[in-house]
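A.B. asks: have a look at this prediction, sequence included:
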Amino acid sequence: MTFPPPPYGGYPPPEGYPGGQYGYPGWYPPGYPPPRTTNSLAIASLVCAFLFAPLGVLFGHMSLSQIKRSGEDGRGLAIAGLVIGYLVIVFTVVVVVVSAVFLVVMAREFERYDERMRGDSGYPGSVVPAQGVPLPEFDPPETLGSNCQYPATTEPSSRPVQPPQPGRTPTTPESIPAGIVTDHGEIGLELDNAKAPCTVKNFVSLAEQRYFDDTRCHRLTVGADLRVLQCGDPTATGSGGPGYRFPNEYPSNQYRLTDPAMTTPVTYPEGTLAMANSGPGTNGSQFFLVYGDSVMPPTYTVFGTIDAKGLAALDDIATAGVVGGAQDGKPRTEVTVESVRVG
């Protein structure tokens, strides 16, 4: 008895042959081992090395461990993922460290610059070298006091107050007596109306409106080249003002605006009363009392002098020093301006 030939020219493998029926998945020709699969974590390690290096390194180590046990392919991919991942991590750490060092260095440089030439928050500048040329001789400009202007600023007033009346302001009398009554005694002043009429007019106006009453002097400097007590800010932060501004007068008006001498240090002598500002034309209410020769650019309007009794009171305040032992900052001994009298 004969049997017809099997379809497609062959018989199925005998029962129990590895891989099941011929032509189905899992069956391989006799003598050939099945191909090894590639470890999936090895592929993931290489991909993640570019996207998120720490995860790529983790997958790489896990992949090598699995390959060692299972005999899968992918060892090269896992090693590549590890190498690239570690390189990316090292590069990232170096960039972060260099950036941090750069930022620290820049911050220190800005602090040094700020100490040398501070213009923010109404502070007068501190300039090296410690010796400056004398203040220039006063040569009255033709426009002195002819049109005092007090335009509004974008910042509101720290305390309700009205700006002085704009327009012509007489330069007589040449001086006006005044005094700052503090909890450390009275500091006697002579306001220099002949040299700075617009500035004196502003100071008198603020005093008459009691703007300075019950305010604290927020800044003291005790350095060799800058010895001032700064007051006139009701907020005691260094950023407060009356909500308006006005231009500089003496000694700034003795120079052209583009004159290089405007940046040359000059000596503001002991006993000087001057305006603080944050740049040309930004005078407001903050002023400083010079209790020792101080060096800074000629960009702070001098508008009076301090009497001997007032200087003695300032010396006592300065002797206590600055909070934290610094050379510039909040006075260790709190100084309150109780009132300002004029006349």
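C.D. replies: Yep, it's here.
A.B. asks: so V97, which of the three states?
C.D. replies: helix (DSSP: H, G, I helix; E, B strand; the rest coil).
A.B. asks: how many other residues sit next to it?
C.D. replies: Counted with other Cβ atoms under 10 Å, the neighbours of V97 add up to 10. (C-beta placed from N, C-alpha, C; glycine too.)
A.B. asks: tell me what the least confident helix or strand in the chain by mean pLDDT is packed against?
C.D. replies: Considering only helices and strands, the least confidently modelled element of the chain by mean pLDDT, DSSP states H and E is helix 75-116, at a mean of 78. Contact partners of helix 75-116 among helices and strands, from 3 or more Cβ pairs under 8 Å, 6 or more residues apart in numbering; DSSP states H and E: helix 40-51, helix 53-70.
A.B. asks: pull the residues that contact the longest one.
C.D. replies: Just to be clear, that refers to helix 53-70. 39, 41-42, 44-50, 72-75, 77-79, 81-82, 84-86, 88-89, 92 (Cβ atoms under 8 Å, 6 or more residues apart in numbering).
A.B. asks: what's the ChimeraX syntax to select whichever of these are buried?
C.D. replies: Remark: buried members of these, expressed as a ChimeraX selection using 16 or more other Cβ atoms under 10 Å:
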select :39,41,42,44,45,46,48,49,72,74,77,78,79,81,82,84,85,86,88
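A.B. asks: the stretch 101-250 of the chain: strands as residue ranges?
C.D. replies: In chain order, the stretch 101-250 of the chain shows strands spanning 133-134, 175-182, 185-192, 215-216, 219-221, 227-231, with DSSP state E, counting those that start in this stretch as the criterion.
A.B. asks: turn the helices and strands packed on helix 75-116 into a markdown table, including mean pLDDT and distance to Y300.
C.D. replies: Below are the helices and strands packed on helix 75-116 laid out as a markdown table (pLDDT from 0 to 100; distance: least, Cβ to Cβ, whole Å):
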| stretch | mean pLDDT | distance to Y300 |
| --- | --- | --- |
| helix 40-51 | 81 | 57 |
| helix 53-70 | 82 | 55 |
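A.B. asks: using TSV, please lay out the strands of the stretch 101-250 of the chain together with distance to Y300 and mean neighbour count.
C.D. replies: Converted to TSV, the strands of the stretch 101-250 of the chain look like this (distance: least, Cβ to Cβ, whole Å; neighbours: other Cβ atoms under 10 Å):
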stretch	distance to Y300	mean neighbour count
strand 133-134	15	10
strand 175-182	18	19
strand 185-192	14	21
strand 215-216	20	20
strand 219-221	13	26
strand 227-231	10	24
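A.B. asks: fine, thanks again, bye for now.
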